[in-house]
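A structural model of the following input is requested.
(chains A and B)
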Amino acid sequence: MEKRTTATTRTSLVTVLSKDKVPIAREQDVVLFRNRVKEYATKIGMGIVNQTKLITAASELVRNMLRYANGGDALIEVISKGRENGIRLTFTDEGPGIADVQKAMKDGFSTGKSLGLGLPGTKRLVSEFDIKSVVGQGTVVTVIKWKNG
Amino acid sequence: MGHFLLVTIQVDLYDRLALNLEADLVQMVSKTGARGVLIDISAVSIVDSFMGRIIGNIANMTKIMDAETVVVGMQPAVAITLIELGLPLTGVHTALNVEKGMELLRKKILVDGEADNSDDEDQPGDGAE
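Now for the predicted structure:
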């Protein structure tokens, strides 16, 4: 499952300034994780609107991970690319995987009892969004929110 | 005789708490005969699709219990995020703050045909923690 280096960003240009791994196993972890993301976003001086978008996106993705894969790991990284600072979140689970990622990225699609706007809605809230999924192995979702993005 | 229930959510709710709030509120509407529910979310910094659904549920549930729900105090960043997420909270009445929310509730209940000129009384908040 460790192939997230193929994230949408040109990895070579991105420097990781700090890393923090948070295991997600229970629904209570959602709020804890959100608070952790907020800490880092505040630390790099991200504005309140971008912070709210990032944390909401994080919340959606963590929920998906709990709902479909019974949890997994969430990685929070402070990254920089050129002059931009940002937060990169990587969600790794070993759940059933998504058979048709393209379909899952369309508004209105859902297999669960959610509203069916999880992934596309989440994508709109972040600067960069990448998803890799292998059926039977799991899913890795990477999102980046630039401080001013 | 309390006409309105005032609920202040003071923490970011995790799922179980939000579901409890939903159930408690509907019970309180039935128990108190409240005609209006005012939910103050000014302290809530994140409304994701789950929380949005709970808010919508509460509005619809109280509606069929003959009570109106108004959500007040949404932070601007939350409003921006909700729309971009694709969750416009259709069918949920909103107002800028508690006072305006009360006004809206009073109007709605009056329009529904019941003369209501007594002071509204706040029930103890059902907010989590």
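
does chain B have contacts with the longest helix belonging to chain A?
Once chain A is assigned using DSSP state H, the helix that runs over the most residues is helix A:48-69. Yes: residues of helix A:48-69 are located near chain B by C-beta under 8 Å from any C-beta of the partner chain, namely A:48-49, A:51-53, A:55-56, A:59-60, A:63. Yep, even glycine has a C-beta here, placed from its N, CA and C like the rest.

tell me what that helix is packed against?
The contact analysis (3 or more C-beta pairs under 8 Å, 6 or more residues apart in numbering or on different chains; DSSP states H and E) places helix A:48-69 against strand A:14-24, helix A:28-43, strand A:72-81, strand A:84-93, helix A:118-125, strand A:138-146, helix B:49-64, helix B:76-85.

how about it as CSV, C-alpha atoms only?
What follows is helix A:48-69, C-alpha atoms only, in CSV (Å, rounded to 0.1, in the frame of the first residue of the first chain):
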residue,chain,number,x,y,z
ILE,A,48,-9.7,30.5,8.6
VAL,A,49,-11.6,29.8,5.4
ASN,A,50,-8.9,27.5,4.0
GLN,A,51,-8.5,25.9,7.4
THR,A,52,-12.2,25.2,7.6
LYS,A,53,-12.1,23.7,4.0
LEU,A,54,-9.1,21.5,4.8
ILE,A,55,-10.5,20.3,8.1
THR,A,56,-13.9,19.6,6.6
ALA,A,57,-12.2,17.6,3.7
ALA,A,58,-10.2,15.7,6.3
SER,A,59,-13.4,14.9,8.2
GLU,A,60,-15.1,13.5,5.1
LEU,A,61,-12.1,11.4,4.3
VAL,A,62,-11.6,10.0,7.8
ARG,A,63,-15.3,9.2,7.9
ASN,A,64,-15.1,7.3,4.6
MET,A,65,-12.1,5.4,5.9
LEU,A,66,-14.1,4.4,9.0
ARG,A,67,-17.3,3.6,7.1
TYR,A,68,-15.8,1.6,4.3
ALA,A,69,-12.6,0.2,5.7
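
next, the angle from that helix to helix A:28-43.
150 degrees (axes from the mean of the first three to the mean of the last three C-alpha atoms, to 10 degrees).

show me which residues of helix A:48-69 are buried.
Of the residues in helix A:48-69, those buried under the neighbour-count criterion (16 or more other C-beta atoms under 10 Å in any protein chain shown) are A:49-69.

same deal with stretch A:77-95?
Neighbour-count burial for stretch A:77-95, counted by 16+ other C-beta under 10 Å, picks out A:77-81, A:85-93, A:95.

get me the contact residues on chain B for chain A.
B:12-16, B:45-50, B:52-53, B:75-78, B:80-81, B:84-87.

report the buried members of these.
For these, a burial check counting by 16+ other C-beta under 10 Å picks out B:12-15, B:45-50, B:52-53, B:75, B:77-78, B:80-81, B:84-87.

picking that back up, out of the helices and strands packed on helix A:48-69, deepest packed?
Highest mean neighbour count among the helices and strands packed on helix A:48-69 (mean count of other C-beta atoms under 10 Å in any protein chain shown): strand A:138-146, with a mean of 24.

TSV for the helices and strands packed on helix A:48-69, including distance to residue B:96 and mean pLDDT?
Below are the helices and strands packed on helix A:48-69 laid out as TSV (distance: least, C-beta to C-beta, whole Å; pLDDT from 0 to 100):
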stretch	distance to residue B:96	mean pLDDT
strand A:14-24	36	94
helix A:28-43	25	94
strand A:72-81	34	96
strand A:84-93	31	96
helix A:118-125	24	90
strand A:138-146	28	96
helix B:49-64	16	93
helix B:76-85	11	95
